[in-house]
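**Student:** Give me a model of this one.
(2 chains)
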Amino acid sequence: MAMAVCLLGLQGLPAAQRAPTIAAAANLNFALTEIARQFERDRGTRVEIVFGSSGTLTRQIRDGAPFEMFLAADEEFPNQLTAAGLTRDAGVVYATGRLVIFAPAGSPLVVDERLEGLSRLLQASGVTRFAIANPDVAPYGRAAEAVLRKRGLWDAIRSRLVLGDSIAQAAQFATTGNAVGGLIAYSLVKEPALAGKGKYALIAQTDHPLLRQRMVLLKAATPIVEQFYAYMQGGAARTVLIRNGYEVPQ
Amino acid sequence: MDWAALRVSLWLGAGTIAILLPLGVWFGRLLAVREFNGKLLVEALVTVPLVLPPTVLGFYLLVTFGARSPLGQVFQALIGHSLPFSFQGLLLASAIANVPFVVQPIQRGFEAIPSEVRDAAACCGLTPWQRFLRVELPLAWPGVLTASVLTFAHTLGEFGVVLMVGGNLPGQTRTLSVAIYDRMQAFDDRSAGVMAATLLAISVVTLMATTALSRRVNPHRA
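**Tutor:** Numbering: from 1, shown residues only, chains lettered A, B, ... in the order given. The predicted structure is shown next:
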């Protein structure tokens, strides 16, 4: 305890030098980084973004992490925060995400919307590892589980799954050839850095609960972050979101 | 290269040493020269962080100091923010995790001093403080040095507990080891590679420096 008290004197960086920090679901890794860069160009102020799975970030916010805004990959996690009284209001849906099945170059997996290639490869015992995000903390992982269940592949593939801490880690497993493929976010495979690293097929949105992504201002939100919240709903941000494979609300 | 992360890592290493070294010298010496009831238990407790998964430490820190705990709310009122997800919280976690790395080498250092030396110093009429500063501490110095280096190196390498207790906040709790993980997830292998090489270089140089220094301090040991 004495030790804890002497920690009080030490600060990291003075608060004034720090840009406000925003928590965002990992599927936004590329799109939101680009939007934040544009925001900085347009408005002259910077926001820091910390990416992670929606579940992990929700837990951190509840434990007191100093985020000012939260962009989730679903509605359930931000709604939990609203119910706990940690948000300004219920927030808005800013995008709807899509899921793809991805196979890295050189993988024996043939990708298709109905996962028939995956089913065949499973029967031929050709699936060594298949990447999805951890369904407990990542909405894209939950959507992936729903798709695999709907196609009747869940029980067969379960022991072959590698679970990413977030959809970004799942995408990393899937795109680096450490797995025969994976069910990952469309927004991540649209990234130019990943172009040519493999093939993908979009999954029908009717095959899983819709990935309606909600954002909320947290209680600590400062004016800069309020501006960013509005900016996210403006034309410039919407263009980037659409280019990155999201659907945006009318 | 994430310079802010490098700065956080170096500050965390230096801060951990600053907190633990005085404590370690006092406690390491105590364990070396005193016999008392329950010493076995105390020594085991000091060593526990060495074998404990970092997640266990992270769990207890979050449960104890998180915004939802009573103690966490006290801290929130006291310092204006929660202890987890702040540099101070990270420092606390790091200090706890490094207790064995500080206490054990220092304890061994003091244990290596023959009791006749201590007795002789007392016979010469030196006060306990003089004996400590002019006889014991110089002799135990290699242990203190080893403790500092191990703590610093171990702090730079800490990952699990940092991510759990600190989150990944740029400029505050994003250390170099967390930044590597963060960049990997962002498919930014180049930055991750540069930072990994930096950490590797710092580790090798630190360990080389210790070996060289300890030879100078104690030439017979080489």
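**Student:** Could you identify the longest helix within chain A?
**Tutor:** If you go by DSSP state H, chain A has its longest helix at helix A:29-43.
**Student:** any idea of the mean pLDDT in stretch A:230-244?
**Tutor:** Averaging pLDDT along stretch A:230-244 yields 96.
**Student:** circling back: how about the longest helix of chain A, does it reach chain B?
**Tutor:** Yes - Helix A:29-43 is in contact with chain B by CB under 8 Å from any CB of the partner chain, via A:Asn29, A:Thr33. All C-beta spots, glycine's among them, are computed from the backbone N, C-alpha and C.
**Student:** And A:Ser53, how close does it get to chain B?
**Tutor:** A:Ser53 sits 10 Å away from chain B, going by CB to the nearest CB, to the nearest Å.
**Student:** and the longest helix of chain A, what does it pack onto?
**Tutor:** The contact analysis (3 or more CB pairs under 8 Å, 6 or more residues apart in numbering or on different chains; DSSP states H and E) places helix A:29-43 against strand A:48-52, helix A:186-189, helix A:223-232, helix A:235-243.
**Student:** For chain B, what lies in contact range of chain A?
**Tutor:** Proximity of chain B to chain A (CB under 8 Å from any CB) is limited to residues B:8, B:11, B:15, B:19, B:23, B:62, B:66-68, B:72, B:76, B:78-79, B:81-89, B:91-92, B:95, B:167-173, B:182, B:184-187.
**Student:** among these, which are in helices?
**Tutor:** Among the residues of chain B next to chain A, the ones falling in helices (DSSP H) are B:8, B:11, B:15, B:19, B:23, B:62, B:72, B:76, B:78-79, B:87-89, B:91-92, B:95, B:182, B:184-185.
**Student:** Skip the chain neighbours and tell me the closest residue to A:Arg142.
**Tutor:** A:Pro135 (4.5 Å; CB to CB, 6 or more residues apart in numbering or on different chains).
**Student:** For the one you found, grab the count of nearby residues.
**Tutor:** For A:Pro135, the count of nearby residues is 18 (other CB atoms under 10 Å in any protein chain shown).
**Student:** pLDDT score for it?
**Tutor:** The pLDDT attached to A:Pro135 in the predicted structure is 97.
**Student:** List only those of the residues of chain B next to chain A flagged as buried.
**Tutor:** Buried members of those, scored by 16 or more other CB atoms under 10 Å in any protein chain shown, are B:8, B:11, B:15, B:19, B:23, B:62, B:66-67, B:72, B:76, B:81-89, B:91-92, B:95, B:167-173, B:182, B:184-187.
**Student:** quick one: contacts for B:Leu71?
**Tutor:** Contact analysis of B:Leu71 by CB atoms under 8 Å, 6 or more residues apart in numbering or on different chains lists B:Thr64, B:Phe65.
**Student:** Can you give me the distance of it to B:Leu92?
**Tutor:** The gap separating B:Leu71 from B:Leu92 is 12 Å, by CB to CB, to the nearest Å.
**Student:** so what sits against both of these two?
**Tutor:** Residues touching both B:Leu71 and B:Leu92 (CB under 8 Å, 6+ apart): B:Phe65.
**Student:** before we move on, the earlier item: if we compare the helices and strands packed on helix A:29-43, which one ends up closest to B:Leu137?
**Tutor:** Smallest distance to B:Leu137 across the helices and strands packed on helix A:29-43 (CB to CB): 44.0 Å, for strand A:48-52.
**Student:** got the angle between the closest one and helix A:29-43?
**Tutor:** Computed by axes from the mean of the first three to the mean of the last three CA atoms, to 10 degrees, the angle separating strand A:48-52 from helix A:29-43 equals 170 degrees.
**Student:** what's the average pLDDT for strand A:48-52?
**Tutor:** Computed over strand A:48-52, the mean pLDDT rounds to 96.
**Student:** partners of that strand, with directions?
**Tutor:** Strand A:48-52 has its sheet partners listed here by DSSP bridges as strand A:21-25 (parallel).
**Student:** Who are the packing partners of the helix or strand harbouring B:Val165?
**Tutor:** Using DSSP states H and E, B:Val165 falls within helix B:160-166. Packing contacts for helix B:160-166, counted by 3+ CB pairs under 8 Å, 6+ apart, involve helix B:54-65, helix B:87-97, helix B:176-185.
**Student:** Okay, helices next: where are they in chain A?
**Tutor:** Using DSSP H, the helices assigned to chain A run over residues A:2-7, A:29-43, A:54-62, A:76-83, A:116-123, A:139-150, A:154-157, A:167-175, A:186-189, A:223-232, A:235-243.
**Student:** Name the residues that touch the fifth one?
**Tutor:** Around helix A:116-123, the neighbours that count as contacts under CB under 8 Å, 6+ apart are A:101, A:108-111, A:127, A:130, A:151, A:153, A:156-157, A:160, A:180-181.
**Student:** picking that back up, isn't the residue nearest to A:Arg142 up against A:Arg149?
**Tutor:** No - between A:Pro135 and A:Arg149 there is no contact under CB atoms under 8 Å: 10.4 Å.
**Student:** so who does B:Leu213 touch?
**Tutor:** B:Leu213 sits in contact with B:Leu145, where contact means CB under 8 Å, 6+ apart.
**Student:** Likewise for B:Val162?
**Tutor:** By CB under 8 Å, 6+ apart, the contact set of B:Val162 is B:Leu90, B:Ala93, B:Ser94, B:Thr173, B:Thr175, B:Ser177, B:Val178.
**Student:** Kindly report the same for B:Asn98.
**Tutor:** B:Thr16, B:Leu20, B:Pro49, B:Thr151, B:His154, B:Thr155.
**Student:** and it, backbone torsions?
**Tutor:** Backbone dihedrals for B:Asn98, given as degrees, to the nearest 10, come out at phi -100, psi 0.
**Student:** likewise the one 4 residues further on?
**Tutor:** Backbone geometry at B:Val102, expressed as degrees, to the nearest 10, gives phi -90, psi -50.
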